[in-house]
Every structure is written in C-alpha cells, then in structure tokens.
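Q: prediction below, plus the sequence it came from.
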Amino acid sequence: MDPMAAIKQTFFQECEEQLSELESGLLRMEDGDHDPETINAVFRAVHSIKGGAGAFGFDDLVEFVHVFETTLDLLRSKTLEPTPAIIKTLLRASDILSDLVRAAREGGPVNNDDVAAIKDELAALCKASGGDDVAGGITFEDLGFSPVLIDLDALFSEEEIASSANVYIIKFKPNPSLYAKANETIRLFRQLRELGEMTVECDTSEIPFLTEVDPEGAYLSWTMHLKTEALEDKIREIFEFVEWDCELSISSSDVDTLLNEHYDALTPADADPSPVAAPVARATEVQPAPAAAAAKSAPAAQTDAAANGDAKKNDHNAASQPQATIRVDLDKVDRLINLVGELVINQAVLSQRVSEAGLSRASSVMIGLDELEQLTRDIQDSVMAIRAQPVKPIFQRMSRIVREVAAMTGKEVRLVVDGENTEVDKTVIERLTDPLTHMIRNAVDHGIEKAENRLAAGKPEEGTLKLAAMHRSGRIVIEVGDDGGGINRPRVRQIAISKGLIPEDAQLTDEEIDNLIFLPGFSTNETASAISGRGVGMDVVKRAIQQLGGRISISSRPGLGSTFSMSLPLTLAVLDGMVVTVAKQTLVVPLTAIIETLQPKQENVHALGTGVRVIKNRNSFIPLIDVGSMLRYRSEDIDPTTQVALLIESESSSKCALLVDAIQGQRQVVIKSLETNYGHVHGIAAATILGDGRVALIVDVDAIVTGVKSDSVGSDIPMMAAE
C-alpha cells in the first residue's frame with residue numbers, strides 16, 4: 001500500500017477547493033472585478049496547487065501550472081492587462097488544469113494537444129508582455145521614482161554574487177494548521193541543509209505552562225542562517241507546500257549592500273537619494289520589494305502584496321479567517337444519518353406504545369417522552385446540516401459546460417449565476433449533476449440562437465443563460481433560463497407526430513406541447529452530433545428528477561426564451577408530514593404543502609362537469625379531490641361532508657383541496673425510497689415506517705395537482721398504474 005496515499009488524498013481534496021476558488025475568481029474578473037485581492041486569490045489558488053504537485057512528483061502538472069502561475073503573476077504586477085480575451089484564455093487554462101488534476105488523481109488520459117495549445121497561448125502572453133526579460137530581476141514600486149528593473153546577473157560578476165549573496169536569514173514560525181495537515185518541520189530543515197551550511201536556533205519563549213498547553217497548538221519558532229550558492233527561489237520552493245500555514249521571512253543583508261553601492265546609478269535625478277531602507281532579496285520573477293509594500297497604505301499593501309515572505313504573510317493574515325473545519329469520511333456521515341433516522345423511528349415507536357398504554361399527558365413518562373422527541377428533532381436537524389452544502393460547486397461546473405458547448409456551436413453565451421450559496425443535501429447535489437448538464441447543453445445548443453439570428457431579431461449578439469437556485473416552500477428550486485427563441489411549438493408537435501409519439505389529431509395545450517420534449521426518443525436534431533440529437537436527453541433529465549422526488553416544468557415564450565424549473569426536496573432523509581387516513585389506508589401529506597384544514601359543508605361544494613367538484617373557500621373555487629378515488633383505493637367518490645379537506649398549494653402555486661377520512665396528527669417521518677425498493681407509483685413520492693411498524697405512503701402533492709389539471713382538459717391519467 002502506498003504510504004503517501006492518505007496525504008495524496010488530502011492534497012487532491014485541497015486541489016478541489018483551490019480549483020473552485022480559481023474559477024470563482026476568474027468568473028468575477030470576467031464580470032469586471034479587477035480588484036487586486038481577487039487577482040491575488042486566483043494566483044494563490046494556482047500557486048498552492050503547484051506546491052503540492054511538486055511534492056508528489058506530478059511533473060506534467062507542475063510544468064503547466066508554472067506557466068499558468070507566471071501569467072497570473074504578470075496580472076498581479078499589472079504588467080498584463082486583464083482584457084476579456086485574456087480572461088477567456090485563463091478560463092480555458094483553468095479547465096485544462098482541472099483535467100490535469102483529475103488525471104493525476106485517477107490516472108485517466110489527458111488531451112495533450114489541448115494542454116500544449118493553451119500552454120503556448122499562456123507563454124505567448126508572457127512573451128508579449130516582456131515576461132521573458134524579467135527572469136532574475138527585481139522591481140521597485142511606489143518609492144517616489146519610476147519602477148527600475150535590476151538584473152543582478154548583469155550588474156555584478158558571478159564572483160561578487162557568490163561571495164556576497166550566500167548567507168540567508170530564514171525566520172520560520174509554523175501555525176497550528178501546518179501540523180493539522182500532517183506536515184513535519186524536520187523534513188523542511190533537512191531539505192534546507194542539503195542546500196549548504198546551516199545553523200538553527202529554536203525560540204521556546206512562547207511555550208506555556210503544561211496545564212495551558214493546547215495539544216493542537218504551535219509554540220516553537222526557528223531562526224536559521226543558511227550559507228549557500230543557491231538562489232532565494234530555491235529556498236522558497238522548499239516552503240511552497242506550507243507557506244500559507246506559517247509565518248516566513250527570508251532576507252540577505254549582503255545583497256542590500258551591493259544594491260546600495262549601485263544606488264546612485266539607478267536613481268533618477270528627481271528621486272529622493274535616501275538609500276533603500278528594507279532588505280531586498282534577489283528574485284526570479286517580477287515582484288515588488290518589501291520597501292515598496294511598506295511605503296503603501298495598509299489596504300494597498302494587503303491587496304498588492306508581493307511574493308516575498310513578509311508580504312505574503314500580511315496578505316494572508318489580512319483576509320478574513322475561515323471557521324475551523326475537519327475532514328470526515330463521507331461514509332461516516334452517512335452512517336450517522338442512518339442511525340439518527342433509526343432513532344427517529346424508534347422514538348415514534350416508543351411514543352406510540354406509551355400512548356396506547358393510556359398514560360396521562362401530565363405524567364412524568366409523557367413529559368420525558370416529549371423532551372426526548374424535541375431532543376431527537378434537534379439531533380436530526382444538526383446531523384442533516386452536516387450534509388447540507390451550497391450548490392456552488394455544481395454551478396461552477398456548468399460554467400465550463402457553457403464555454404465548451406458555446407465554442408463547439410460557434411455562439412457567444414454568457415452564464416449568469418444567482419443563489420449559488422443555496423444549501424441542499426449533498427446526495428441531491430451529486431445526483432443533480434447529470435440532469436443539469438443535459439439541460440445546460442440543450443439550452444446552449446437549442447435555446448440560444450446563432451449570432452446573426454439574434455442580431456436580426458434585435459437582440460445582443462451574446463446570448464444569456466441564467467442558472468438560479470432558491471428555497472421555496474421547504475424545497476429547493478433550480479431554474480435554467482435562456483433569452484433565446486423559445487420553444488417552436490408547431491415544429492415540436494410535427495416532430496412528435498412524425499415519430500409516432502402522439503396521434504395526428506391530438507388536441508394539446510401549449511403546456512402539453514412543451515412537455516412533449518420529455519418523451520423518450522424525442523429530438524429536434526435531424527442528425528446526431530457530439531452535443532445532442534440522439535433522443536436521450538430531456539427524458540433522462542425528467543426521470544432523474546423524478547427519482548430525486550422532484551418535478552420539472554417549462555415556461556416558454558416564442559422569441560423571448562424558455563425557463564426550465566426543477567423543484568427538489570432539500571433532503572432525501574426526513575420530512576415533517578401530516579399523517580391521515582384514506583379508505584383504511586395511512587398516508588402522509590408533506591406539511592410544507594398544507595395551507596389549512598377545512599370541514600366541507602354541502603352549500604360550499606359544487607359539481608363542475610362530469611366527475612369534477614370544487615369547493616368554495618374565501619370567495620374562490622378550488623378543485624376538490626377525493627384522494628381515495630384518485631389513488632384507486634375506492635371505486636366511487638365519497639360524500640365530502642363526511643370528510644376532512646386539506647387545502648394544499650403546489651410548487652406552481654396551484655391550489656386544490658384533498659379529501660381524507662381523518663387526520664391522525666403531525667409527525668416527522670424518515671423517507672424511504674419507494675422507487676428503489678418497489679417501483680415508481682404516480683401520485684406517490686416515497687414511503688416511511690410509522691411508530692407501529694406499518695409502512696405509510698407519502699403523497700406527491702404536485703403530481704396530484706398535475707393530474708387534476710390534466711383531467712380538467714379531458715386527459716385520462718391512471719394514478720396507481722406502474723409507468
């Protein structure tokens with residue numbers, strides 16, 4: 001077994017975080033955010049990946065990241081302007097970097113032609129901005145004179161450099177995070193010792209009394225004097241993997257002496273002739289000196305910090321400190337959630353048995369049971385919060401899909417993201433990736449028109465694709481909208497007829513025509529392509545959303561675009577429900593869908609056509625649905641005055657009243673997938689286990705409402721038949 005496997009796993013997990021930060025920063029830059037801190041954050045993300053990749057010997061990854069990092073450093077130094085064309089190149093480089101990281105982790109193939117092409121583009125940007133001429137140079141900024149490029153190799157002979165720049169003073173103080181990531185200081189010292197002669201002094205002044213020692217704390221710091229012929233960048237390479245987890249400074253006073261001796265030759269006539277005040281170390285890249293950073297105001301120094309140790313430390317410490325986190329194996333979290341689910345079921349069983357024993361509500365047993373129920377709910381909520389994650393990672397993946405499909409179709413498409421911090425269960429996020437990818441690809445391929453068609457229609461040449469997430473009625477709603485041409489309903493209808501999906505004389509509403517695109521085998525492309533056209537797209541999307549207990553709907557306006565809305569449960573584990581009885585069967589109705597309960601009166605119930613009834617409520621008429629008849633529990637409708645009506649509202653804001661025999665009470669139930677354990681049943685979302693051990697079905701409110709709307713226009717939908 002590879003002894004480094006666990007550390008590599010941690011590295012790749014951190015790579016995912018850095019890649020996310022990288023793309024977020026580049027997308028902000030694409031939107032016009034050229035703040036130095038944004039550029040610095042992008043640079044740090046790439047630089048961190050480079051350090052770890054070098055430690056594990058991923059040479060191809062290091063080679064690519066070095067070119068990427070050099071280009072970003074030119075942006076930091078304002079040598080390169082962040083134009084839209086350059087940002088697009090950097091975004092493509094981010095995609096390639098993601099592929100290289102994936103290949104390093106999984107061992108899969110990488111398109112070497114794509115890697116070489118983007119590397120050449122980055123190198124060309126560096127060369128065009130003078131990047132080839134700055135190696136080995138130092139820049140001065142904000143010192144009261146124009147920036148001066150100092151090439152030590154040109155100013156001094158090799159003998160002068162070797163004799164005067166061979167002693168470095170290295171001050172190193174680890175942070176607790178360095179040890180938390182399994183790094184060892186002794187390894188760093190051994191690597192430094194290989195560069196030359198070194199003496200080490202350990203500062204123990206910060207060690208507290210034994211009773212005050214934090215086992216995860218860091219109290220030691222070191223000062224090292226290293227005599228070497230190596231350049232400073234070689235020393236910094238040793239600390240690359242830990243530089244954000246420590247305080248580090250590297251200086252060489254001998255170099256300052258040489259620079260001051262040549263200061264008169266470098267200083268413009270109108271400059272302050274005072275000598276350079278702070279130590280300046282030789283660098284291999286264009287970087288502002290520490291004196292320049294000190295001359296700036298505090299905010300400017302934070303956002304335009306140099307790559308030397310002190311400036312990096314200031315820039316890092318100036319950022320807001322994230323909350324402390326730990327990495328936990330996902331299997332452990334899943335096991336914890338399953339155990340809490342069983343705890344909820346056992347608590348319900350206990351409540352049921354105590355209730356059957358006829359104990360008074362005021363008894364100590366019942367009071368203790370109520371406290372146990374509240375505690376169980378608090379534990380349930382806390383555990384579910386562990387799995388709750390923002391949809392940001394999956395939304396960021398979609399930006400790459402948009403770029404790739406837009407390039408393949410020759411279109412200009414801009415992705416606008418809203419609500420990316422909306423949280424949902426991790427399982428939902430993982431299973432949402434494929435259907436969302438299908439929808440994004442179809443939106444770019446079919447929804448957004450060609451540039452010439454958009455211009456002819458009076459639209460901007462660049463199409464807009466909006467991806468939004470929001471919480472609504474205890475669920476998460478994700479919308480994919482475009483400003484394209486909308487659904488061509490006559491063409492959709494004709495294609496469905498030609499493929500035998502609907503009869504030629506079918507009478508369909510606009511909504512029903514739109515939903516034809518979800519039929520298996522439907523495609524508007526006459527020939528298959530690398531993007532779409534095989535008729536396995538939107539039907540797969542609908543099926544995947546249904547498996548998640550969700551629904552998908554379409555809103556389209558010809559010439560203005562289309563919006564696809566997906567309504568999904570926040571979690572696949574638990575829900576608060578109203579337990580009801582229908583024809584001697586026990587059902588659960590999601591509590592978030594219930595507005596109020598009613599006792600129907602004869603004068604408020606009216607017949608509307610054959611088999612359709614409505615109930616009057618607050619001067620409006622609402623469809624009245626006998627759940628027992630709709631789910632085929634009984635063959636005839638029952639007298640509504642003997643029933644209880646649950647007034648519900650669906651995700652589409654449609655209202656109806658569900659007739660049930662009786663209400664047993666409100667209860668938190670653990671969701672069990674009916675489709676996984678049995679099969680899909682229309683009108684039923686899932687199942688649960690009640691306190692008495694019986695299985696109860698959870699009603700799919702939106703499917704019930706949709707069935708009623710279809711029935712009202714003459715459609716016949718078998719509710720309990722397997723699809």
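A: Everything's here; your move.
Q: can you pull the domain assignment for this protein?
A: Residue ranges for the domains of the chain, per automatic domain parsing: 5-131, 138-318, 330-385, 391-569, 574-712.
Q: show the end-to-end separation of the third one, please.
A: Length of domain 330-385, first residue to last, CA to CA, to the nearest Å: 14 Å.
Q: just the mean pLDDT for that domain, thanks.
A: The average pLDDT for domain 330-385 rounds to 80.
Q: other SSEs contacting the one helix or strand Glu237 maps to?
A: For Glu237, the host element (DSSP states H and E) is helix 232-238. Contacts defined by 3 or more CB pairs under 8 Å, 6 or more residues apart in numbering; DSSP states H and E place helix 232-238 against strand 167-174, helix 185-193, strand 221-228, strand 246-251. C-beta coordinates here come from the backbone N, C-alpha and C atoms, glycine included.
Q: quick one: those as a markdown table, columns for mean pLDDT too.
A: Output for the helices and strands packed on helix 232-238, formatted as a markdown table (pLDDT from 0 to 100):
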| stretch | mean pLDDT |
| --- | --- |
| strand 167-174 | 90 |
| helix 185-193 | 86 |
| strand 221-228 | 89 |
| strand 246-251 | 88 |
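Q: what pairs with Asp425 across the strands?
A: Ala388 (DSSP bridges).
Q: using CSV, write out the CA atom coordinates for stretch 343-358.
A: Presented in CSV, the C-alpha positions along stretch 343-358 are these (Å, rounded to 0.1, in the frame of the first residue of the first chain):
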residue,chain,number,x,y,z
LEU,A,343,-33.5,6.9,16.3
VAL,A,344,-36.4,8.9,14.9
ILE,A,345,-38.3,5.7,14.0
ASN,A,346,-37.7,4.2,17.5
GLN,A,347,-38.8,7.4,19.2
ALA,A,348,-42.0,7.2,17.2
VAL,A,349,-42.5,3.6,18.2
LEU,A,350,-41.9,4.5,21.8
SER,A,351,-44.4,7.3,21.6
GLN,A,352,-47.0,5.0,20.0
ARG,A,353,-46.6,2.4,22.7
VAL,A,354,-46.8,4.9,25.6
SER,A,355,-49.9,6.4,24.0
GLU,A,356,-51.5,3.0,23.8
ALA,A,357,-50.8,2.4,27.5
GLY,A,358,-53.2,5.3,28.3
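Q: buried sites along the helix holding Glu237?
A: Using 16 or more other CB atoms under 10 Å as the test for burial, helix 232-238 gives 232, 235-236, 238.
Q: pLDDT value on Ile478, please?
A: pLDDT, Ile478: 90.
Q: contacts for the helix or strand containing it, please.
A: Element membership of Ile478 [criterion: DSSP H and E] is strand 475-482. Strand 475-482 is contacted from outside by 391, 422, 424, 428, 432, 436, 439-440, 443-444, 447-448, 463-471, 550, 561-570, 592, 651, using CB atoms under 8 Å, 6 or more residues apart in numbering.
Q: mind doing that once more with 6 Å?
A: 424, 439, 443, 447-448, 465-470, 561, 563-570 (CB atoms under 6 Å, 6 or more residues apart in numbering).
Q: any idea how far that strand is from the chain center?
A: Centroid displacement of strand 475-482 relative to its chain, using CA atoms, centre = their mean, to the nearest Å, is 15 Å.
Q: helices and strands around the very next helix or strand once past it, which ones?
A: Note on strand 475-482: by DSSP H and E, the next helix or strand toward the C-terminus is helix 489-498. On a contact count with 3 or more CB pairs under 6 Å, 6 or more residues apart in numbering; DSSP states H and E, helix 489-498 meets helix 510-514.
Q: pull out the buried residues from the helix it packs on.
A: Buried residues in helix 510-514, counted by 16+ other CB under 10 Å: 512-514.
Q: then stretch 477-492?
A: 477-487, 489, 492.
Q: for the helix holding Glu237, output the C-alpha coordinates as PDB.
A: Taking C-alpha atoms only, helix 232-238 is exported to PDB below (Å, rounded to 0.1, in the frame of the first residue of the first chain):
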ATOM      1  CA  GLU A 232      16.300  32.500  -2.900                       C
ATOM      2  CA  ASP A 233      13.700  30.900  -5.100                       C
ATOM      3  CA  LYS A 234      15.300  27.500  -4.300                       C
ATOM      4  CA  ILE A 235      14.700  28.200  -0.600                       C
ATOM      5  CA  ARG A 236      11.200  29.300  -1.200                       C
ATOM      6  CA  GLU A 237      10.400  26.100  -3.200                       C
ATOM      7  CA  ILE A 238      11.000  24.100   0.000                       C
END
